[in-house]
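Novice: Predicted coordinates and the sequence they were generated for:
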Amino acid sequence: MRRKLAAGNWKMNGLSASLTETAALLAQVSDIRAEVLICPPATLLAPMAAQVRTGALALGGQDCHPASSGAHTGDISAQMLRDAGATYVIVGHSERRADHAETDSMVRSKTEAAWAEGLRAIVCVGETEAERDADNTLAIIGGQLAGSVPDQATGENLVVAYEPVWAIGTGRTPTLDQIGEVHDFIRSRLEKRFGEGVGRSVRLLYGGSVKPGNAAEIFGVSNVDGALVGGASLKASDFSAIATALD
Ligand code: PEP
């Protein structure tokens, strides 16, 4: 049984005043069965960890460096994330792939670094609009999965997020059939590579303009085990509505 997961990616948003939002979220999701995760900016990890000690919310980073420490100005390591209270980290988000020229092999190294620290990695994959229009979606996703996911994947250490680049922050979403096609494809690739047991236990999230109004229908699609949510995770009432739709 895969536990449903609602993961919020705050991106470069949030100041100490935003802790009131986390407090509200904690109260709103205390009774739900799905796992709820917030990936705030690194500056808020430690204060949030102090806030959520009850364990009702999991915390994650938005990226990590492949090395555990050293001369890498401005970067953050998996060890630091864990030290600050994270149990998850997002790797290979399309904004990092685009803004920081992250390749599949870099994402793979980051995932290995996360695992070395006992963090669960949420590995993001997704096609651009041009790639979808050219009918290359599955080839792109297959290549990203093969290149970004290390060989030691398990249902415990890996979550895969399918995030079509053209759906992120745009208010546009694929059709439910398109989401289902990609999620079934990812599941079959994982089963083929890691065996049925592991392949079936990895959680697959959909990400890209998930809102309270479309969450339930997206969660009804086969092999969708939750969502990676950007904009709508910033407001406790919206994010808790999405998380509740998973129950
Ligand atoms: C994201 O950036 O991971 C994301 C899904 O953003 P949004 O929900 O705002 O489209």
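Specialist: Received, thanks.
Novice: Excluding chain neighbours, give the residue nearest to L57 in space.
Specialist: Once its chain neighbours are removed from consideration, L57 has its nearest residue in V36; the separation is 5.4 Å (CB to CB, 6 or more residues apart in numbering). To be clear about C-beta, it is placed using only N, CA and C from the backbone, and glycine gets the same treatment.
Novice: Hmm, Q28 and that neighbour touching each other?
Specialist: No: judged on CB atoms under 8 Å, V36 makes no contact with Q28 at a distance of 9.3 Å.
Novice: any residues in contact with both of the two?
Specialist: Between them, V36 and Q28 share these contacting residues under CB atoms under 8 Å, 6 or more residues apart in numbering: S240.
Novice: Tell me, how many residues neighbour V107?
Specialist: By other CB atoms under 10 Å, 26 other residues sit near V107.
Novice: Show me what from this structure comes close to the ligand.
Specialist: Applying CB under 6 Å from any ligand atom, we find that the chain lies next to the ligand at 9, 163, 168-169, 207-210, 228-232.
Novice: Let's see that with 5 Å instead.
Specialist: Neighbours of the ligand within the chain, by CB under 5 Å from any ligand atom: N9, I168, G169, G207, G208, S209, L228, V229, G230, G231.
Novice: Show me what residue of the protein gets nearest to the ligand.
Specialist: With CB to the nearest ligand atom as the measure, the residue in the chain that lies nearest the ligand is G230; the distance is 2.2 Å.
Novice: thinking again about what came up before, now do the same for the residue nearest to L57: its pLDDT.
Specialist: pLDDT, the model's per-residue confidence, is 98 for V36.
Novice: Residues touching the host helix or strand of it, excluding its own?
Specialist: Element membership for V36 (DSSP states H and E) is strand 35-39. By CB under 8 Å, 6+ apart, the residues outside strand 35-39 that reach it are 3-10, 22, 25, 29, 48, 56-62, 88-90, 226, 233, 239-240, 243.
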